[in-house]
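Novice: one predicted model, sequence on top.
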Amino acid sequence: MSGIRAIYLGVQVKTKLLNFIKMCRKSNSNVLTVILRHMYFRLNKKNIFTTSRVMIKGLHNISIAKRLSIGMGEIGFSHKFDYTYLNIQGNLFLTGGCRIGRGCRIDIGKNAIAELGNCSINVQTKLIITNGLKIGDNSRISWGGSNYG
């Protein structure tokens with residue numbers, strides 16, 4: 001029984017790895033770079049997947065319940081060289097799996113609180129939060145949008 005289970009687990013790992021490689025290729029990301037950045041974030045106790053063109057200031061102000069993916073996935077209306085900036089001076093709480101597209105700008109001011117559920121923020125979106133913002137589960141913000149809270 002344990003031999004069959006080991007084979008089944010091996011197939012699951014192989015499938016997850018192939019899906020991860022496909023995701024990196026769709027987003028024109030180097031697989032090794034994504035893995036190394038993920039290891040850095042895991043050392044800081046954060047479950048974050050990013051491309052190499054992501055800058056996060058205030059990493060210690062981010063609380064993640066599941067997973068945060070930044071700049072991964074299909075490119076769509078963005079360019080593969082677009083940078084994504086997160087400037088977190090206040091608090092960012094991620095209660096679900098969240099995806100932030102390439103080229104987004106998110107600025108959370110001091111004493112501001114942002115809570116994101118299981119949501120998707122598409123490419124080129126700007127979020128400037130000075131007080132508070134809550135985005136619930138199964139929400140999507142269209143590309144190029146601007147939100148001030």
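Specialist: Sure thing, it's come through. Numbering: from 1, shown residues only.

Novice: so where do the helices sit in this structure?
Specialist: Under the criterion DSSP state H, the chain contains helices at 2-26, 31-43.

Novice: will you turn the ones you listed into JSON lines that also has mean neighbour count, mean pLDDT and distance to residue 90?
Specialist: (C-beta placed from N, C-alpha, C; glycine too.) Formatted as JSON lines, the helices of the chain follow (neighbours: other Cβ atoms under 10 Å; pLDDT from 0 to 100; distance: least, Cβ to Cβ, whole Å):
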{"stretch": "helix 2-26", "mean neighbour count": "11", "mean pLDDT": "73", "distance to residue 90": "30"}
{"stretch": "helix 31-43", "mean neighbour count": "13", "mean pLDDT": "91", "distance to residue 90": "20"}
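
Novice: closest one to residue 140 among those helices?
Specialist: helix 2-26 (18.2 Å; Cβ to Cβ).

Novice: look up phi and psi at residue 81.
Specialist: phi -100, psi 10 (degrees, to the nearest 10).

Novice: so it touches residue 53, yeah?
Specialist: Yes: using Cβ atoms under 8 Å, residue 81 is in contact with residue 53, at 6.8 Å.
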